[in-house]
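Enquirer: Give me a model of this one.
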Amino acid sequence: MFFRIKPSGERRYLQIVENTRDGARTVQRVLATLGRVEELQADGRLDTLLRSGARFSETALLISSLQAGTLESSAAQPQGLPVRYFGTGGRSFIREPKTIERESRA
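Expert: Next up is the predicted model:
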């Protein structure tokens, strides 16, 4: 599913659409027409709708928190897994993951 803007003359409508397969071809089916884009943006209904839907998506919540400056993070987090390297003469060593310092945005 995705949003699309459907032009109709001078007006533009926001729709929720899904792709489905019909044999070898893909068919788009309109699930809902939400209204005129300009009106949805002007009175804040589009933002309200997206915030409401974001409650069900961890990714959207992270992006919203990052943009709002409320994303909490720890001061340092290891990045990656330990890696074993094999050198000449049968010697090997293990490199631990790097720790990256992060600033808290809170």
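
Enquirer: helices or strands up against whichever strand or helix holds residue 30?
Expert: Element membership for residue 30 (DSSP states H and E) is strand 25-36. When contacts are defined as 3 or more Cβ pairs under 8 Å, 6 or more residues apart in numbering; DSSP states H and E, strand 25-36 packs onto strand 11-22, helix 45-54. (Each C-beta comes from the backbone N, C-alpha and C, glycine too.)

Enquirer: Quick check, pLDDT for residue 29.
Expert: We have a pLDDT of 94 for residue 29.

Enquirer: how about it, what does it touch?
Expert: By Cβ atoms under 8 Å, 6 or more residues apart in numbering, the contact list for residue 29 reads 17-20.

Enquirer: before we move on, what about residue 52?
Expert: Contacts of residue 52 (Cβ under 8 Å, 6+ apart): none.

Enquirer: Would you quantify the distance from it to residue 40?
Expert: Between residue 52 and residue 40 the distance is 13 Å, computed by Cβ to Cβ, to the nearest Å.

Enquirer: Equivalent analysis for residue 16, please.
Expert: 12 Å.

Enquirer: Common neighbours of those two, please.
Expert: Joint contacts of residue 16 and residue 40 (Cβ under 8 Å, 6+ apart) are residue 34.

Enquirer: In terms of neighbours, single out the busier of those two.
Expert: Between residue 16 and residue 40, counted using other Cβ atoms under 10 Å, the more crowded position is residue 40 (17 against 14).

Enquirer: Count residues in the vicinity of residue 35, would you?
Expert: The burial count for residue 35: 14, using other Cβ under 10 Å.

Enquirer: Across the sheet, point out what pairs with it.
Expert: Note on residue 35: beta-bridge partners by DSSP bridges are residue 14.

Enquirer: Next up, the contacts around residue 38.
Expert: residue 12.

Enquirer: quick revisit: ok, and the most crowded of the contacts of residue 29?
Expert: Of all the contacts of residue 29, the highest neighbour tally under other Cβ under 10 Å goes to residue 17, namely 15 neighbours.

Enquirer: follow-up on the earlier one: and the contacts of residue 29 as TSV, adding distance to residue 67 and pLDDT?
Expert: Below are the contacts of residue 29 laid out as TSV (distance: Cβ to Cβ, whole Å; pLDDT from 0 to 100):
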residue	distance to residue 67	pLDDT
17	26	95
18	27	95
19	29	94
20	33	92
